[in-house]
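J.: Need the 3D shape of this:
(chains A and B)
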There are 2 protein chains.
Amino acid sequence: MTDTDPTSLSPHTRNAGVDAAVSAARRVITALLHAGNNSAAEMNDVAAQLSGVADYLDEHAPTAEERLIDMWSGEGVPRHGPVSGPENAIAPPLFMEGLADGSVAGTVTLGLPYQGPPAHVHGGISALLLDHALGVANYWAGASGMTGTLTLRYVRPTPLFEPLHVTARQVGVDGRKIRTVGAITARGEQCVQAEGLFIAKDLPRPGSAVADGPGAD
Amino acid sequence: MTDTDPTSLSPHTRNAGVDAAVSAARRVITALLHAGNNSAAEMNDVAAQLSGVADYLDEHAPTAEERLIDMWSGEGVPRHGPVSGPENAIAPPLFMEGLADGSVAGTVTLGLPYQGPPAHVHGGISALLLDHALGVANYWAGASGMTGTLTLRYVRPTPLFEPLHVTARQVGVDGRKIRTVGAITARGEQCVQAEGLFIAKDLPRPGSAVADGPGAD
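T.: Residues are numbered from 1 along each chain as shown, chains lettered A, B, ... in the order given. Have a look, this model is predicted:
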C-alpha cells in the first residue's frame, strides 16, 4: 500500500517534516505513559523542553482561521483526523485500504495510550476506530454522510500490543439514509461489532461549500 | 473541585512533574495541528527534539510489566486513561464530578486534535467521552462493569472550541446487567446521547485479583 496505490485510503504525505515531527510526538505520548510515576527521568526538565517546542510551534503557526481553511482545502483523505491523520499525534494511526469487494480494511497495534481495562483497549477507543472505519467505507462505496446512530457491541475484550484488524462495509443506501457495518478482530476472533446509520449531509468546509472525504464524521 | 473534594471523580496528583510534562505534551499535539503544512517552523528540528525527549524517557522507564502493575496498583480513578488521565497526553482531559442526585458531570472544551467534520468534534471522540462518562457514572452509583453495548445518537453537530457539558447517570441494575445513559450538551442543547448496557465483570489487574475504578472500560 503506497501513496500511488489507487486502493489506498490513507492520507498522502504533503510535508515530510510535519509527519516526522508528529511521529516523534506519538513516541513522546507513549514514552510518558511508560515512564509514569516511578520513572527516574527528570520530569520537570521534560516539561520545560516540551513547553519550549510548543512555544516555538505556536510562534510560527498561521492563524486558526487560515489553518482551518488550509486543512480542508485538499481532496481525498483529511490529514488531521484523530484516527488516521499524519498531522495528529493522537491518531494511532490506523490506515485503511479499499478492497475490490467494496469493503475497507486496515491493521493497527495499540499501546498504553489507548488502554481501558488492564492491558486491553478502551471501549471508547474501539468506538472511535470503528466510527472512522465506517466513514471510510462510505467514502469507498461512494455515498458518505454524517453519523446519525452508532451502535457498538463488545463481544470480548480487545487486546493491547497485538495486531487488530479493522474492517467495514456499506450495506445499504435508502434515500439519504446509509447503513454501514464494521468490526475489530484480534487473533481471528471478533472483539467489537459496529453498526452505523449515516445521513447524507455535510457541514460546509471553512472557506468552501461542502465537505467530503472519509473520516470527516 | 479539588483532590480532597469527596465528590471529585478526578484522578489524584501523584507526581506533579509527570502531570506538567503531560500537559506540555498536550500543548505540543495541539501546536503541531495548528502549525500543519504551511508552518514557518523547522519541522525536522522539531522532530529531532521530540525524538530526543522520547529517547530520554524510554531510557529511564521501568519495564512494561512493572509499569502495568504500578498503573493498576492504586485506588480510585486511574491516572492513565485516554479521557481523564493526567499521565495520558491524548486525554483532553475531561474531569467528572459526582452529584448528590446520583449523576456525574464534567465540562471540557475540545480543540483541533479532536476534529471530525469542519470545526466540529469527531463522532468517535464523542463516543469515547461518553463511554468514559457512563463508566464514571457506574462507579459513582456503586455498580460497575465492562461495556456490553453502547448506542450513540448524534442529534446535532458538536462544536469545537466551546464548553461541552458531559453528563451521565446509571438508570438501572438487573442482576449483572447495568443500564446507564449520558449526553453531551453545547449551548444548552443536546448534541449526542448515549445509552450503555454494562456487564458486571472485570478483567484481572496485572499483579492483582480484580480491577475496579471508573474509566476502566
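J.: which residues sit in contact with residue A:11?
T.: A:76-79, A:81, A:84-86 (Cβ atoms under 8 Å, 6 or more residues apart in numbering or on different chains). Every C-beta, even on glycine, is put in place using the N, C-alpha and C of the backbone.
J.: And the helices in chain A, which stretches?
T.: A:16-35, A:43-60, A:64-71, A:123-141 (DSSP state H).
J.: Send me the first one as CSV with only the CA atoms.
T.: In CSV, the C-alpha atoms belonging to helix A:16-35 read as follows (Å, rounded to 0.1, in the frame of the first residue of the first chain):
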residue,chain,number,x,y,z
ALA,A,16,7.7,15.0,5.4
GLY,A,17,8.9,17.2,8.2
VAL,A,18,5.5,17.6,9.7
ASP,A,19,4.9,13.9,9.5
ALA,A,20,8.2,13.2,11.2
ALA,A,21,7.5,15.7,14.0
VAL,A,22,4.1,14.1,14.6
SER,A,23,5.6,10.6,14.6
ALA,A,24,8.1,11.8,17.2
ALA,A,25,5.2,13.3,19.3
ARG,A,26,3.5,9.9,19.3
ARG,A,27,6.7,8.4,20.7
VAL,A,28,6.6,11.1,23.4
ILE,A,29,3.0,10.4,24.3
THR,A,30,3.7,6.6,24.7
ALA,A,31,7.0,7.2,26.5
LEU,A,32,5.3,9.5,29.1
LEU,A,33,2.8,6.7,29.8
HIS,A,34,5.6,4.1,30.0
ALA,A,35,7.6,6.3,32.3
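J.: mind listing what's buried in it?
T.: A:17-35 (16 or more other Cβ atoms under 10 Å in any protein chain shown).
J.: quick revisit: would you mind putting the helices of chain A into TSV with distance to chain B and mean pLDDT alongside?
T.: As requested, those are exported to TSV (distance: least, Cβ to the nearest Cβ, whole Å; pLDDT from 0 to 100):
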stretch	distance to chain B	mean pLDDT
helix A:16-35	3	94
helix A:43-60	3	95
helix A:64-71	6	86
helix A:123-141	3	96
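J.: what about chain A, any weak spots by pLDDT?
T.: For chain A, applying pLDDT under 70 flags the ranges A:1-6, A:208-217.
J.: what's near enough to touch the spatially most central residue of chain A?
T.: Centroid-nearest residue in chain A: residue A:83, 0.9 Å away (criterion: Cα atoms, centre = their mean). Applying Cβ under 8 Å, 6+ apart, we find residue A:83 in contact with A:91-94, A:128-129, A:132, A:215, B:122, B:124.
J.: what's the answer for residue A:153, then?
T.: A:192-194, B:148-149.
J.: If it is in a bridge, with which residues?
T.: With DSSP bridges as the criterion, residue A:153 is bridged to residue A:193, residue B:149.
J.: Not counting residues beside it along the chain, what's closest to residue A:18?
T.: residue B:43 (5.1 Å; Cβ to Cβ, 6 or more residues apart in numbering or on different chains).
J.: Distance check, the closest residue to residue A:62 other than its chain neighbours against residue A:57.
T.: Of all residues not flanking residue A:62 in the chain, residue B:38 sits nearest, at 5.6 Å (Cβ to Cβ, 6+ apart). Distance, residue B:38 to residue A:57, using Cβ to Cβ, to the nearest Å: 13 Å.
J.: Ok, residue A:106 next?
T.: 29 Å.
J.: give me the number of residues near residue A:62?
T.: Close neighbours of residue A:62, defined as other Cβ atoms under 10 Å in any protein chain shown, add up to 17.
J.: actually residue A:7, not the one I typed
T.: Residue A:7 has 12 neighbours, counted by other Cβ under 10 Å.
J.: Name all residues that make contact with it.
T.: A:1, A:97-100.
J.: Recalculate using a threshold of 10 Å.
T.: A:1, A:96-100, A:104, A:140 (Cβ atoms under 10 Å, 6 or more residues apart in numbering or on different chains).
J.: and residue A:193, how many residues sit next to it?
T.: By the criterion of other Cβ under 10 Å, residue A:193 has 18 neighbours.
J.: Hmm, I typed the wrong one, I wanted residue A:126.
T.: 32.
J.: wait, it sits on residue B:82?
T.: No - at 11.3 Å, residue A:126 does not count as touching residue B:82 under the criterion of Cβ atoms under 10 Å.
J.: what's the overlap in contacts for the two?
T.: A:114, A:116, B:128.
J.: Run a quick neighbour tally on the nearest residue to the second one once chain neighbours are set aside.
T.: Of all residues not flanking residue A:116 in the chain, residue A:122 sits nearest, at 3.1 Å (Cβ to Cβ, 6+ apart). Applying other Cβ under 10 Å, we find 28 residues neighbouring residue A:122.
J.: and if you look at the one 5 residues further on?
T.: Using other Cβ under 10 Å, residue A:127 has 29 neighbouring residues.
J.: which residues sit in contact with the nearest residue to it once chain neighbours are set aside?
T.: Of all residues not flanking residue A:127 in the chain, residue B:127 sits nearest, at 3.7 Å (Cβ to Cβ, 6+ apart). Residue B:127 makes contact with A:123-128, A:130-131, A:147, A:150, A:152, A:194, B:150-152, B:154, B:184, B:192, B:194, according to Cβ under 10 Å, 6+ apart.
J.: Then residue A:87?
T.: So residue A:87 contacts A:11, A:14-15, A:18-19, A:21-22, A:71, A:78-81, B:32-37, B:112-113 (Cβ under 10 Å, 6+ apart).
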